[in-house]
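**Q** based on what follows, work out the 3D shape:
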Amino acid sequence: MSARILEANQGPVDLRIYNVERDLIYLPPEGRNLFELLEPITDASHTRDRKRSPPDSACLPGTRKVVIKWIISWVTSGLLIKRQHILWVYGYAGCGKSAIAQEISEQVQGGGHLLATFFFFRNEGDRSKIGRLPNTLASQMATSLRETAALIEAAVKAEPGLLQVESPFSLGARLQRLVYEPFKAIADQTSLAKSFLSKPYLIIIDGLDECDDKEGVQEFITTTLRFFDKNPFILLRILITSRVEQHIHSLLTADGGVRLKNLADHCSREDVENFMDTVFDAKTKGDPVIQAHMRQNGSWPNPADSQKLVDHIGGSFIFASTLFRFIFDPPTAPGDYSTPLDRFPLALNIEPGLDGLYSQTLERSEHLPYFTEIISTLALLARPLPISGIAELLDIQASAVARVLVDLQAIIQVPGTDDVPVAFYHTSLRDFLTTESRSGRFFAPPSFHADLLVHCVSCELRALRQSPKDQLDRKEQTAAVQYSLEHRELTHWNHAIPIFRFIDLDKLIQSRRKIAGALPSSDTAAGFEYLARKLLLLSHHDGLASTIDLAILMHRKALSLRPHPHPTRSLSLNNLGYTLRLLFEHNRCVSHVEEAILFLREALSLRPPPNPQRSSSLNNLGNALLSLFEHSQCVSHVEEAILLYREALDLRSHPHRDRHYSLNYLGNALRSLFEHNRCISHLEEAISMHCEALGLPHLSVHRHPSLRYLSAALYDRFNELQSVEDLDEAISLCREAFAIPHSSRPDTLSALTRYLRTRYDINQSIEDLEEAIACSRELVVKHYLEGHKCRDQTMGKLQSLLQLRFEATGKQGDLDDWIGKLDGEREE
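**A** A predicted model of the protein is given here:
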């Protein structure tokens, strides 16, 4: 069967995945001030309320003096060594990077030359993403260097797409137009003589490793390096702090325009001692128990114990801060009357580093009800919620959440008011909780995303039942409902779908059905179709016909609610026909594809020219007819499919954004016809269609199918004409497709395995055979799991490849070793 992409009514669809495309809508900028236009993240700068928006880091007086003085000297120098405009301050978790960034921000702002700051923080909503960085920096720059405001405003009014995270402009282009170009325009107005006497401006980017978007981080770095390369004398400095992560390290250390500063070299014992003295002096003065102890016994802790604690802390300021909270925060557990005097020796016995401290602190509350659910929720939330929000999401009492958290205040920032989110003092706690080898029984497993997805849907259902309106107005909802509406799909569905369990699916279906029933009649059909789309996504992972059956049932319910002449009946017909055709692909029951064709013909009749969705219906009907042809081998079916594809292609003339889909549809149909009649002209036309599709500009995720289909057509031509060049190119294209993350990765692996095996038969290259084995093993271990319809066949092919490898190497033990590894992975 030839591979092909499918299309649902909402837009192009790749295999079993709905891909709903939306046009970008830009609001007219007129009538809004610059701040309203830019919509910056207001809690990302150094002036944020650090209690509400972590990290809550600052340098205590008298600490980190040497490194701060060195950085300030670099910032304020008008002359640069080797034109190094960027300073990367890096170090391990807890060595004080954010505290130093905060201190530098405050000192430079006092001198009037702080341009902008941005403090990333993982799992803190938009502050863990890079999309709004250009807007936020531009907004701050317009305030700190007012001459740039008019230039920024002119840029966004000329090109409103610059304002949008999802826009035609790349992150680099937005950064250039909104930040670097306006600054350069003002800097160029300064005379050369004045520039030598002026102090540079500074942008501070803290916690760059906290940003989830690694590709975006690299684009930010490369754009910035390119800007300074073109403007070597500009009076702008950028301070970046982060941990050493490969995607950051590889770019910043490869460029001569970056100065490097390892903060581990500046974590002095003296700084830790000063930090400890400051904290202990403040805490002991107001504690009558400690004061009584000191009147009788002298200083506390005594000098020897003080040195032991400093030795125990090492150079980690976050460990020191957490340890001090462990010592001084009052206990709340029933029967615990310990004082700081009692907890000090316990602190000395905690395993050095944060993991031991995290474990010992969490033990305080693990006996309490809902402990596991609450801790896992905190670890996996996309952004923090207040106590009431956590309670509403989990459908438990707020007092139960508070009870668990109150004894964890050494490591978790528990607010005193209900409108402030619960936050981790340091992101290393989230790393600890999501790494099983470190956290053990406290591990927050990825499977809990499925629980959070169900909780989000249930939370939405409760809100619908309580709302006097037909639909939920997000702005009027509680923090938990707002979170559910925003992140149930974006975060928890995307993480849960690969590991969904039947019990999770059943809960989700029941909740979604109840939501559909709670919606007004006009929206009930949409509710059923929403659930059907989710079931189809799930079927791509579990490979079960029963999941597709449930999706079909949901689509039938939606169609029954949209009788003729309902304006969106064609949508339901299209979706139902599409899903029936998927079921046919799964079980090869011809009645399913025949029923699909009936529904799709009716959908097409409801979309006469010039309906903008007609091309979509043409392609979906063509796909169904092509599926029927592969079963029946009736030429009239494929010929009709080709006619439909050609009409759809005519409706998508260049530069239509979906033209590459239609080209691939037509190419695949021509390949199918070639496989039937062996007419080489059909295959040549198919190759030309796929070549044109590959040459069109589109996103890499859409480039993947074009690569795969062209490689398949070239492989067909190789089999027909025996041209090794075609086989080599097919393998090269398939490898390129394999490198692009895509839902069709298993199909690409399967094709690449087949092509490599064929070339091995020709040239006996052991490298080809080993690559084929690696591809086949990934299919068995990661994709075609127990119960998948393709597993047994793939296992047989892998066994055959292993046998070939044995025959090539002549080592029986080698074969046994490979089979043993495979058996172990299967058991795992």
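**Q** next up, the contacts around the residue nearest to residue 680 when sequence neighbours are not counted.
**A** Nearest non-adjacent residue to residue 680, counting by Cβ to Cβ, 6 or more residues apart in numbering: residue 720, 6.5 Å away. The C-beta positions use only the backbone N, C-alpha and C, and glycine is treated the same way. By Cβ atoms under 8 Å, 6 or more residues apart in numbering, the contact list for residue 720 reads 678, 680, 683.
**Q** same check, this time on residue 50
**A** Applying Cβ under 8 Å, 6+ apart to residue 50 gives the contacts 56, 57, 58.
**Q** from these, pick the one nearest residue 178.
**A** Distances from residue 178 to the contacts of residue 50, taken as Cβ to Cβ, are shortest for residue 57 (27.8 Å).
**Q** one step back: most neighbours, which of the contacts of residue 50?
**A** When neighbours are counted by other Cβ atoms under 10 Å, residue 57 leads the contacts of residue 50 with 23 neighbours.
**Q** stretch 726-737: how far from the chain's middle?
**A** In terms of Cα atoms, centre = their mean, to the nearest Å, the centre of stretch 726-737 is set 29 Å apart from its chain centre.
**Q** how about it as PDB, C-alpha atoms only?
**A** Written as PDB, here are the backbone C-alpha positions of stretch 726-737 (Å, rounded to 0.1, in the frame of the first residue of the first chain):
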ATOM      1  CA  ASP A 726      17.600   6.100  -7.100                       C
ATOM      2  CA  LEU A 727      18.100   3.700  -4.200                       C
ATOM      3  CA  ASP A 728      20.900   5.900  -2.700                       C
ATOM      4  CA  GLU A 729      18.800   9.000  -3.000                       C
ATOM      5  CA  ALA A 730      15.800   7.200  -1.500                       C
ATOM      6  CA  ILE A 731      17.900   6.300   1.600                       C
ATOM      7  CA  SER A 732      19.300   9.900   1.900                       C
ATOM      8  CA  LEU A 733      15.800  11.400   1.700                       C
ATOM      9  CA  CYS A 734      14.500   8.900   4.200                       C
ATOM     10  CA  ARG A 735      17.300   9.700   6.600                       C
ATOM     11  CA  GLU A 736      16.500  13.400   6.300                       C
ATOM     12  CA  ALA A 737      12.800  12.700   7.100                       C
END
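**Q** any buried residues in it, and which?
**A** 726, 727, 729, 730, 731, 733, 734, 735, 736, 737 (16 or more other Cβ atoms under 10 Å).
**Q** with stretch 539-551 instead?
**A** Within stretch 539-551, the residues that count as buried by 16+ other Cβ under 10 Å are 539, 540, 541, 542, 543, 544, 547, 548, 550, 551.
**Q** would TSV of these with distance to residue 667, pLDDT and secondary structure be doable?
**A** Shown next, in TSV, are the buried residues of stretch 539-551 (distance: Cβ to Cβ, whole Å; pLDDT from 0 to 100; DSSP: H, G, I helix; E, B strand; the rest coil):
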residue	distance to residue 667	pLDDT	secondary structure
539	26	77	helix
540	23	71	helix
541	28	65	helix
542	30	67	helix
543	27	71	coil
544	31	78	coil
547	30	83	helix
548	27	89	helix
550	33	85	helix
551	28	88	helix
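**Q** distance to residue 748 added to those, as JSON lines?
**A** Converted to JSON lines, these look like this (distance: Cβ to Cβ, whole Å):
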{"residue": "539", "distance to residue 748": "19"}
{"residue": "540", "distance to residue 748": "14"}
{"residue": "541", "distance to residue 748": "16"}
{"residue": "542", "distance to residue 748": "20"}
{"residue": "543", "distance to residue 748": "17"}
{"residue": "544", "distance to residue 748": "22"}
{"residue": "547", "distance to residue 748": "23"}
{"residue": "548", "distance to residue 748": "22"}
{"residue": "550", "distance to residue 748": "28"}
{"residue": "551", "distance to residue 748": "25"}
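**Q** nearest to residue 569 among the residues you listed?
**A** Nearest to residue 569 among those, with distances taken as Cβ to Cβ, is residue 551, at 18.5 Å.
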